[in-house]
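# need a structure here:
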Amino acid sequence: MIFRVNWFAFFLALAVGCVVNVAGDWLIGIRIELFWGLETFNFLWFLQLFILPVIVGISVSFIYGLGGKWICLFPPLIVRYAAYYQTVDLTGIPQGAALMPLGWWGFFVILAMEAAMIGGVMGEIMNKRVYGWKKAPHVNDTEASENNTAAHPDRDKKADSTEI
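The predicted model follows:
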């Protein structure tokens, strides 16, 4: 099976997903990589970790189309890694906060990626109005129903009664 990738749409969707994620980070103002104690886990943190990646996934998948659910995994990974790098090497850790342990931070990144994939599936559904691949051109519904009469004998009775 040969997969064709539309590289322009791929990089455009990836860039838009990263921009949406960074803009959402800026608007919400929460930094996942910082730990402030129990007050870290509030409603804004929930929005940052679960709702924003869904919006990112929808935007990526809506731009790319079918297959966008796989591409939408990358923007949360890229943006979260860049934010962690920025905190560790550029801006530093604010007073009163601690750097999230790497294991917990990785777990949160995986949660954001999974939420983005949910958004990617939603974006594919919104884009195509159906979910799944198109039927191959050589497949015919009548051939398929003739081959499955032994497995589904009631299907032909329903088809005969609805044709009247």
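# Show me what counts as buried in the helix ranked longest in the chain.
Of all the segments of type helix in the chain, defined by DSSP state H, the longest one is helix 102-128. Of all the residues in helix 102-128, those buried under the rule 16 or more other C-beta atoms under 10 Å are 105, 108-109, 112-124, 127. For every residue, glycine as well, the C-beta is placed using N, CA and C.
# Residue ranges in the chain under the pLDDT threshold?
Low-confidence segments of the chain, defined by pLDDT under 70, are located at 1, 129-164.
# so residue 54 makes contact with residue 122?
Yes. Residue 54 sits in contact with residue 122 when judged by C-beta atoms under 8 Å, with a separation of 7.2 Å.
# Helices of this structure, residue ranges please.
With helices called from DSSP H, the chain shows them at 7-28, 43-46, 52-64, 68-71, 74-85, 102-128, 141-147, 153-162.
# ranking these by burial, who's on top?
The highest mean neighbour count among the helices of the chain, using mean count of other C-beta atoms under 10 Å, belongs to helix 52-64: a mean of 26.
# Please name the residues that touch the most centrally placed residue in the chain.
Geometric centre of the chain, nearest residue: residue 117, 2.3 Å, by C-alpha atoms, centre = their mean. Counting by C-beta atoms under 8 Å, 6 or more residues apart in numbering, residue 117 touches 57, 69, 72-73.
# As a markdown table, the residues you listed with distance to residue 8 would be great.
Rendered in a markdown table, the data for these read as follows (distance: C-beta to C-beta, whole Å):
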| residue | distance to residue 8 |
| --- | --- |
| 57 | 20 |
| 69 | 19 |
| 72 | 17 |
| 73 | 19 |
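# So which of those residues is the closest to residue 20?
Comparing those against residue 20 with C-beta to C-beta picks out residue 57 as the nearest, at 9.6 Å.
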